[in-house]
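# model the following, please.
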Amino acid sequence: MRTLLAVSVLTLSVAPALANDSTAELGTGGLILSRSDVIWMEKENLSISMDKVTVDYVFRNQSDQDVETIVAFPMPDIEANEYVSVGIPQGTGDNFLGFTVTVDGKPVKPELEHKAVAVGIDVSKDLTAHNVPFFPFTEAAYAALEKLPEGVAVDWQNRGIIQIIEYDDGSGMKAHRSPYWQLKSAYWWKATFPAQKQVKVAHEYQPSVGGTAGITFFFDGEFGGNYENYKLKYCIDRNVERAILKAAKANPDGYPQLTEARLSYVLTTGGNWATGTIGDFMLTVDKGRPDAIVSFCGTGVKKIGPTTFQMKATDYYPERDVDVLILQPYSFDAPAQAPKGSAGDVPAARKAAGRKAGAEQ
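Numbers count the residues shown, from 1 in each chain. Model (predicted):
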């Protein structure tokens, strides 16, 4: 049985609690190969922090012939919904995670394939025909929707491509057309794996970080709400609970002055190589600051630095994804904020609409 281990440090904070405004994270993962029974993943070094995710792979072609295959990096799906705020780290362009990749130390420029989907149907041609950008969280996308002929707008609303948002901005009721499609995209490239040789692949990107101003599972001096789900997902143990309780006692109102940061790395989709296991797997998690609390599931996790924790495994089979919870102290001098570039940043009309905060499911 896997031993689930959570690591924590004590925190001290004295400022009053903030409101529970929440931004959801986007689950991201590693590379996917078109299935092969001769390519083996010898090593994977995965490093996760709130600023960057880096992954270093060593693949080996075990056959006597060169193998050409497709390697893909699926970007997380983007739900174009004004009532759900998600962390989008790098602006509003196609490469919204800042994804880069090298093969044997040489940069690779991957192809981008993306499409817009509404109610499970590909509506990319519809958006292209009317010059509507696929990425929904841009002023350009909203401007293009406002220019749609009324008949087209009605059709798109009926088909679930857009929605009509009504709001009162203080001068009376207003309405605007809002994206409602889902953006699906992936970077991919062709790769050659020489016979009986290693190929080193490295990629990095800026993760989508979910955040909450305050803790969503601690009320009136005790754990509650969706705490059981948090315990299962992040393997919260008594050490973490004690750190949270100590932070609560340090504050006059009994509430821990901590903000949530949540990261998710999809590890379970990757095992389509020869054995389905990883020869040598290493996970390193950096919580960012020494006085933060971090909790995640792992076996034999060790603290290797003031802010870093590491686990290693041999012939590792990924049974679950990597979910990391980081609780950071805050004060009124440095209040917690949604991640930079979150979907809630644009456009102004969306703010006026008074959208609801999106919570992690």
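
# and the helix or strand residue 55 falls within, what does it pack onto?
Assigned by DSSP states H and E, residue 55 belongs to strand 53-61. Judged by 3 or more C-beta pairs under 8 Å, 6 or more residues apart in numbering; DSSP states H and E, the packing partners of strand 53-61 are strand 39-48, strand 182-193, strand 198-205. From N, CA and C alone the C-beta is placed, and that goes for glycine too.

# so which of those is the most surrounded?
Ranked by mean neighbour count, the helices and strands packed on strand 53-61 are led by strand 39-48 with a mean of 20 (mean count of other C-beta atoms under 10 Å).

# what's in contact with that strand?
Here strand 39-48 makes contact (C-beta atoms under 8 Å, 6 or more residues apart in numbering) with 30, 33, 53-62, 67, 69, 193, 198, 207, 263, 265, 267, 273-275, 277-286, 322, 324.

# run me through the strand neighbours of it, direction for each.
strand 53-61 (antiparallel), strand 278-286 (parallel) (DSSP bridges).

# pLDDT averaged over the first one - what is it?
Rounded to a whole number, the mean pLDDT of strand 53-61 is 91.

# before we move on, what about the last one?
Mean per-residue pLDDT for strand 278-286: 94.

# relative to strand 182-193, how tilted is the strand holding residue 55?
Angle, strand 53-61 to strand 182-193, by axes from the mean of the first three to the mean of the last three C-alpha atoms, to 10 degrees: 40 degrees.

# may I see the buried residues of the next helix or strand after strand 53-61?
Downstream of strand 53-61, the next assigned helix or strand under DSSP H and E is strand 67-74. Judged by neighbour count (16 or more other C-beta atoms under 10 Å), strand 67-74 contains these buried residues: 67, 69, 71, 72, 73, 74.

# of those, closest to residue 224?
Ranked by distance to residue 224 (C-beta to C-beta), the buried residues of strand 67-74 are led by residue 74 at 35.8 Å.

# hang on, that closest one packs against residue 188?
No. Counting by C-beta atoms under 8 Å, residue 74 stays clear of residue 188, with 9.0 Å between them.

# let me know the outermost residue of this structure.
residue 64 (38.8 Å; C-alpha atoms, centre = their mean).

# redo the buried residues of strand 67-74 as TSV? Include distance to residue 290 and pLDDT.
Output for the buried residues of strand 67-74, formatted as TSV (distance: C-beta to C-beta, whole Å; pLDDT from 0 to 100):
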residue	distance to residue 290	pLDDT
67	46	89
69	43	86
71	38	86
72	38	83
73	32	80
74	34	77
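
# tabulate the residues you listed in CSV, adding columns for distance to residue 217.
Output for those, formatted as CSV (distance: C-beta to C-beta, whole Å):
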residue, distance to residue 217
67, 47
69, 43
71, 39
72, 36
73, 33
74, 30
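
# circling back to that earlier point, quick one, phi/psi of the residue farthest from the centre of the chain?
Main-chain torsions, residue 64, degrees, to the nearest 10: phi -90, psi 10.

# which ones are touching it?
Contact partners of residue 64, counting by C-beta under 8 Å, 6+ apart, are 195, 196.

# and it, how far is that from residue 283?
As for residue 64, its distance to residue 283 is 33 Å (criterion: C-beta to C-beta, to the nearest Å).

# ditto for residue 169
Following C-beta to C-beta, the distance that separates residue 169 from residue 283 is 47 Å.

# more neighbours, the two?
Here residue 169 and residue 283 are compared on neighbour count by other C-beta atoms under 10 Å; more neighbours surround residue 283, at 23 against 13.

# against residue 301, how distant is the more buried one?
Applying C-beta to C-beta, the value for residue 283 to residue 301 is 8 Å.

# what about this protein, any weak spots by pLDDT?
Within the chain, the segments meeting pLDDT under 70 span 1-35, 81-93, 96, 268-275, 331-361.

# can you rerun that using 50?
Within the chain, the ranges that satisfy pLDDT under 50 run 1-26, 332-361.

# for it, what's the longest helix?
Longest helix of the chain, by residue count under DSSP state H: helix 238-249.

# can you list the helices and strands that it packs against?
Secondary-structure packing of helix 238-249 (3+ C-beta pairs under 8 Å, 6+ apart): strand 293-296, strand 322-329.

# among the ones you listed, which comes closest to residue 120?
The nearest among the helices and strands packed on helix 238-249, by C-beta to C-beta, is strand 322-329 at 27.0 Å.

# using PDB, write out every CA atom in the closest one.
C-alpha atoms of strand 322-329 as PDB (Å, rounded to 0.1, in the frame of the first residue of the first chain):
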ATOM      1  CA  VAL A 322      -0.100  15.300  -8.200                       C
ATOM      2  CA  ASP A 323      -2.200  17.800  -6.300                       C
ATOM      3  CA  VAL A 324      -0.400  20.400  -4.200                       C
ATOM      4  CA  LEU A 325      -1.900  22.700  -1.500                       C
ATOM      5  CA  ILE A 326       0.200  25.600  -0.300                       C
ATOM      6  CA  LEU A 327      -1.100  27.800   2.600                       C
ATOM      7  CA  GLN A 328       0.700  31.100   2.700                       C
ATOM      8  CA  PRO A 329       0.500  33.800   5.500                       C
END
